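Peer 1: any chance you could fold what I've pasted below:
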Amino acid sequence: MYVKSNNSKSNIRQVRFEKHKGRFRIVFPRQYFGGKQFKKSIDLAADSENEELAFKIVLRLQEELELGRLIDTSGAFHEDRYQQVLEEYGLKARIRLVKVVPEDNNGGRVKSNPSILQIWEVYCEFSEHRLAKTTFINSYKGAFLNYLNSAIESVGYDTDKIFNWLVKNRNPHDVKNLVSALERAYSYAISKDIFTGKNPFSGLKETLITKKRIKEINQDKLGLEGNELLDKKKAFSWKEAEIIMEAFKNHPKLCKYYPLIAFKFLTGCRNGEALALWWQDIRFDEERIIIRKSYDSKSRIFKPTKNETVRFFPMKKGSKLWDILSELKKGEDNHCVFSVRHNGKPIHQVTLCEKWHGKTFRGVCYVGLVKSLVEQGKVSKYLPVNNTRHTFVSHQIYDLGREPHIVNAWCEHSEEVSRKHYRDASLVARDINPDLPNFNQKTHQDNSQVDELKAIIEQQQKQINQLTMLLEKFTDSENRNNSKSF
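Peer 2: Residues are numbered from 1 along each chain as shown. So this is what the prediction gives:
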């Protein structure tokens, strides 16, 4: 695929590397990014010893590019994915902090302040074992570092300009978290005598507004906006859910994702919980499923569920859920149930979202299956894949009349329920078949029908009484007329 930089037309669509200021850097072909050139440093010394490693990275990045993973949904360069690839090869910024440098005009020695990236790297090394692994990888070494690199590429290393760029170009909530972390990073550097002077990010987080304020209220539009808010729903109707499941089931290429999509609709579990389900968690003999793990696709880590609980979901024999799982080819106990690979590895969440929503590959936008159903008018609105959870909850409570605390025991959607109440409800919930309507709801429906019939009979009886009275009056009148005639 390539090794060195040249102007050969045969390499115009290939990823390559070149030497730049004593380092290797990656050069990406323009065709994938609308003519825009991307050159990314891999912070690897440009010598013969590292050339083989650089070549391996180029091959890997070429593969990622061809699969569309280095292009985000807007068609821009996917910084997060690029950093993940580099981390797989153990590459990160090499930092040498120099505390003391030549003398000043008075003969004293002065300290040189490191750059913001060096401060950040030192703080990351300090924080690595103090943070959750997913937070460290996804935020500190992922999104936050990408934000800083993007800001520096645009405005340089001036901290005021970096702050202003972040506020204008990135999500306010993420910026506030990053600025707060940068304030702690500089405080740490000052305490360790690494940085001199004032903390450039001190107090800046308080100036950030994370919630969008309404600047003006239009009297004419207020009613419409209120109705719109009332009409917004986070769930598909159950009929739409069945349409989506059938579409995946009957699709020639995406049918292998049908069991996962159906499982999410039928259990209401979170994305990470479905991806983390192992075969040892499926208990056919006990007619239940154990949900106790979650999978983070970015860091590729299995971890406890969101609230660190273990819950049981009923899987009655002969139910739709039972049939779907029993038809799958069983793997090893520690293999993922919904793996599309032979080694039992989990599906990446990005892959799941691409099949659902769509992706952009080589500048071409591919529509996902659910988006396609919306465009065809078969589904009323588009909702992300995680809204299968909302759909399950809505279906159980509003369609089947299930008690909210039972639904909570199944999918843990409310943190207000205490752990004791959660455990007590779980004992009841595990013996209920989610496929069937609530018995109490059926009884209520039967009682309602009886009441309706009683009302109808009562109305009919009134009509009969009125007709009887009219008949009697008519009979009396006829009798009187007959008497006069005689």
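Peer 1: who are the packing partners of the lengthiest strand in the chain?
Peer 2: Among the elements of type strand in the chain, defined by DSSP state E, the one spanning the most residues is strand 38-45. Applying 3 or more Cβ pairs under 8 Å, 6 or more residues apart in numbering; DSSP states H and E, one finds that strand 38-45 contacts strand 16-20, strand 23-28, helix 48-66. All C-beta atoms are positioned from the backbone trio N, CA, C, and that covers glycine.
Peer 1: hang on, His390 packs against Ala241?
Peer 2: No - with contacts counted by Cβ atoms under 8 Å, His390 stays clear of Ala241, the gap being 10.6 Å.
Peer 1: higher neighbour count, those two?
Peer 2: Ala241 (22 against 17; other Cβ atoms under 10 Å).
Peer 1: what sits against that one?
Peer 2: Remark: with contacts taken as Cβ atoms under 8 Å, 6 or more residues apart in numbering, Ala241 is in contact with 265, 388, 391, 395.
Peer 1: which pair of the residues you listed spans the longest distance?
Peer 2: By the measure Cβ to Cβ, Thr388 and His395 form the most distant pair in those, at 10.4 Å.
Peer 1: what about the two, which has more around it?
Peer 2: Between Thr388 and His395, Thr388 has the larger neighbour count (other Cβ under 10 Å), namely 29 against 21.
Peer 1: what's near enough to touch that one?
Peer 2: Contact analysis of Thr388 by Cβ under 8 Å, 6+ apart lists 241, 261, 264-265, 268.
Peer 1: how far does the helix or strand it falls within sit from the chain's center?
Peer 2: With elements delineated by DSSP states H and E, Thr388 resides in helix 388-394, which encompasses its position. Offset of helix 388-394 from its chain centre (Cα atoms, centre = their mean, to the nearest Å): 15 Å.
Peer 1: can you check stretch 185-199 too?
Peer 2: Put simply, stretch 185-199 sits 36 Å off its chain's centre (Cα atoms, centre = their mean).
Peer 1: what's the first-to-last distance across that stretch?
Peer 2: In terms of Cα to Cα, to the nearest Å, the two terminal residues of stretch 185-199 are separated by 9 Å.
Peer 1: list the buried residues of that stretch.
Peer 2: By neighbour count with 16 or more other Cβ atoms under 10 Å, stretch 185-199 contains the buried residues 185-186, 188-189, 194-195, 199.
Peer 1: now distance to Cys255 and pLDDT too, for those, in TSV please.
Peer 2: As requested, the buried residues of stretch 185-199 are exported to TSV (distance: Cβ to Cβ, whole Å; pLDDT from 0 to 100):
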residue	distance to Cys255	pLDDT
Ala185	49	93
Tyr186	53	94
Tyr188	52	91
Ala189	54	91
Ile194	57	89
Phe195	57	90
Asn199	56	93
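Peer 1: closest to Lys355 out of those residues?
Peer 2: Distance to Lys355, by Cβ to Cβ, is smallest for Ala185 among those, at 38.8 Å.
Peer 1: report the contact partners of that closest one.
Peer 2: Each residue near Ala185 by Cβ under 8 Å, 6+ apart is listed here: 119-120, 122-123.
Peer 1: if we use 6 Å, what do you get?
Peer 2: For Ala185, the residues meeting the contact criterion (Cβ atoms under 6 Å, 6 or more residues apart in numbering) are 119-120, 123.
Peer 1: let's see which of these end up in helices.
Peer 2: Mapping those onto helices (DSSP state H) picks out 119-120, 123.
Peer 1: neighbour count for those residues - can I get that in CSV?
Peer 2: Formatted as CSV, the entries for the ones in helices among the contacts of Ala185 read as follows, by neighbours: other Cβ atoms under 10 Å:
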residue, neighbour count
Ile119, 24
Trp120, 24
Tyr123, 21
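Peer 1: where does the stretch 1-150 of the chain have low pLDDT?
Peer 2: 1-13, 72-75, 92-112 (pLDDT under 70).
Peer 1: could you pull out the helices for the stretch 301-450 of the chain?
Peer 2: In the stretch 301-450 of the chain, the segments counted as helices under DSSP state H, counting those that start in this stretch are 320-326, 349-356, 369-375, 388-394, 404-411, 419-429, 439-485.
Peer 1: which one of these has the poorest average confidence?
Peer 2: Here the lowest mean pLDDT among the helices of the stretch 301-450 of the chain goes to helix 419-429, at a mean of 47.
Peer 1: hmm, back to that, residues contacting the longest strand of the chain, please?
Peer 2: With Cβ under 6 Å, 6+ apart, strand 38-45 has contacts from 23-28, 50, 54, 77, 91, 93.
Peer 1: change it to 10 Å
Peer 2: The set of residues that contact strand 38-45 without belonging to it, under Cβ atoms under 10 Å, 6 or more residues apart in numbering, is 15, 17-30, 32, 50-51, 53-54, 57-58, 61, 70, 76-77, 79, 82-83, 85-86, 89, 91-95, 149, 153.
Peer 1: how many neighbours does Lys462 have?
Peer 2: There are 10 residues near Lys462, going by other Cβ under 10 Å.
Peer 1: meant to ask about Ile261, not that
Peer 2: The tally of other residues near Ile261 (other Cβ under 10 Å) stands at 25.
Peer 1: what sits closest to it if chain neighbours are left out?
Peer 2: If you skip the residues right next to it in sequence, Ile261 has Phe248 as its closest partner in space, 4.9 Å away by Cβ to Cβ, 6 or more residues apart in numbering.
Peer 1: ok, back up a step: now, which of the buried residues of stretch 185-199 sits nearest Lys298?
Peer 2: Ala185 (21.7 Å).
Peer 1: so what's the closest one closest to, chain neighbours aside?
Peer 2: According to Cβ to Cβ, 6+ apart, the nearest residue to Ala185 is Tyr123 (3.5 Å).
Peer 1: what's the distance between the one you found and Leu53?
Peer 2: Here the distance between Tyr123 and Leu53 works out to 27 Å (Cβ to Cβ, to the nearest Å).
Peer 1: isn't the residue nearest to Ala185 right up against Tyr186?
Peer 2: Yes - counting by Cβ atoms under 10 Å, Tyr123 touches Tyr186, with 8.3 Å between them.
Peer 1: which residues do the two both contact?
Peer 2: Overlap of the contact sets of Tyr123 and Tyr186 (by Cβ under 10 Å, 6+ apart) consists of Ile194.
Peer 1: show me what contacts Ile187?
Peer 2: Actually, residue 187 is Ser. It isn't Ile. 123, 195, 199, 201-202.
Peer 1: surely it forms part of a helix?
Peer 2: Yes - using DSSP: H, G, I helix; E, B strand; the rest coil, the assignment for Ser187 is a helix.
Peer 1: I'd like to know how far it sits from His357.
Peer 2: 41 Å.
Peer 1: one more: Lys21?
Peer 2: 40 Å.
Peer 1: which of those two has more neighbours?
Peer 2: Relative neighbour count places His357 above the other of Lys21 and His357, with 17 against 7, counting by other Cβ under 10 Å.
Peer 1: excluding its backbone neighbours, what's nearest the more buried one?
Peer 2: Ranked by Cβ to Cβ, 6+ apart and with sequence neighbours excluded, the top spatial neighbour of His357 is Gly368, at 4.2 Å.
Peer 1: likewise for Lys19?
Peer 2: Using Cβ to Cβ, 6+ apart, the closest residue to Lys19 is Ala46 (4.2 Å).
Peer 1: His78 contacts Phe28, doesn't it?
Peer 2: No - counting by Cβ under 10 Å, His78 does not reach Phe28; the two are 11.1 Å apart.
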